[in-house]
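Enquirer: coords please:
(one chain, ligands or ions: 1)
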Amino acid sequence: MRISNRLRSIVPTWLSSLIRPLIKPLLNRLALPRILTEEMLRLNRSAATHYGVESEVHPNDFIYWYILNHSSFPSVEAAIGNYFENGSNSTKLFADIIASLGLEANRAVKLLEFASGYGCVSRHLKKNPLLDLVACDIHPEAVDFLAKQIGVEAVRSAHIPEEFSPPAKYDVVLALSFFSHMPKVSFGRWLRALFSSLNAPGYLIFTTHGLASHKIMGRPSLSKDGFWFNPSSEQKDLAVAEYGTTISTPDFVTAELIRQTGAPIVVYKHAYWWEHQDLWVVKREK
Ligand SMILES: C[S@@+](CC[C@H](N)C(=O)[O-])C[C@H]1O[C@@H](n2cnc3c(N)ncnc32)[C@H](O)[C@@H]1O
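Expert: A predicted model of the protein is given here:
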């Protein structure tokens, strides 16, 4: 019997509906880790060799399981291939942006890869000698895994933006698919916190679920200021009020950027990442 069913049998319905949102992250955590089969490990090694990156995958890597369970892949091999290809593609897109900003001049770019997860992208970024990479995530197991298995310096993030205090300032902070999950209460505060972690000059590069994602998600009804939040996500051990699924229109993001940073938006590209997430680049000038 699943733990949630067991709970239902001993706790009245009204009480269980109050308790469930509070203990759901804990129940999900108990369900981890998942097991990677010998076949999956073999496929990981084969794909990793193709891209020249580390093959280790952490059993709690939600992005890996999200891709594996996605209906668009006809086989486990195709899904695992996509996990490694995805990280490689993101790294290429990122390198193009850095080059277009003229940042890679005469020293390695100090890069904070914020919300790195278990290294889907970090293992590829690590290979670029023009980058001095530090990864960062909220999951302590991810930070440990990145440092020990993937060989990337990694630091722990914070649940509350005002408590985020990285050990240095960076030329670039990259946050892929992080603002695509933030609730309204912390969206702008995280923009401010990440912007504050930049050197001047420095660039905050991030993606959001904008109007293309809105269409893919069935056009849910947005608030007047262009925001939608659903308390559910692929990160099964994070509280859904803190990390869910977000849509934010360009108007909303622009207003928040002006309010929180007052800094110029130097690049905006509709549906640029994964063919649906918007790309934003904001410059810290002073
Ligand atoms: C959708 S995943 C994206 C992972 C990675 N950027 C990529 O593109 O593969 C979002 C990540 O945000 C991380 N996250 C959630 N809350 C966070 C926080 N407060 N600080 C840093 N990372 C956080 C999650 O642990 C997860 O790894």
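
Enquirer: Tell me which other helices or strands the lengthiest strand in the chain touches.
Expert: Longest strand in the chain, counting residues (DSSP state E): strand 198-209. Other helices and strands packing on strand 198-209, by 3 or more CB pairs under 8 Å, 6 or more residues apart in numbering; DSSP states H and E, are helix 76-101, strand 170-175, helix 184-196, strand 245-248, strand 265-273, strand 277-284. (Glycine included, C-beta is placed from N, CA and C.)

Enquirer: is the ligand contacted by it?
Expert: No: on the criterion CB under 6 Å from any ligand atom, strand 198-209 is out of touch with the ligand, staying 8.3 Å away.

Enquirer: Now the helices and strands packed on strand 198-209 in a markdown table, please, with extra columns for mean pLDDT and distance to residue 149.
Expert: Output for the helices and strands packed on strand 198-209, formatted as a markdown table (pLDDT from 0 to 100; distance: least, CB to CB, whole Å):
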| stretch | mean pLDDT | distance to residue 149 |
| --- | --- | --- |
| helix 76-101 | 97 | 15 |
| strand 170-175 | 98 | 21 |
| helix 184-196 | 98 | 26 |
| strand 245-248 | 98 | 29 |
| strand 265-273 | 98 | 26 |
| strand 277-284 | 98 | 27 |
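
Enquirer: I'd like to know which of these is closest to residue 152.
Expert: Closest to residue 152 of the helices and strands packed on strand 198-209 is helix 76-101 (CB to CB; 12.2 Å).

Enquirer: what angle do that closest one and strand 265-273 make?
Expert: 160 degrees (axes from the mean of the first three to the mean of the last three CA atoms, to 10 degrees).

Enquirer: How about the contacts made by residue 176?
Expert: Listed by CB atoms under 8 Å, 6 or more residues apart in numbering, the contact set of residue 176 reads 90, 113, 115, 121, 206, 207, 273.

Enquirer: which of the residues you listed tops the neighbour count?
Expert: The residue in the contacts of residue 176 with the most neighbours, by other CB atoms under 10 Å, is residue 113 (28 neighbours).
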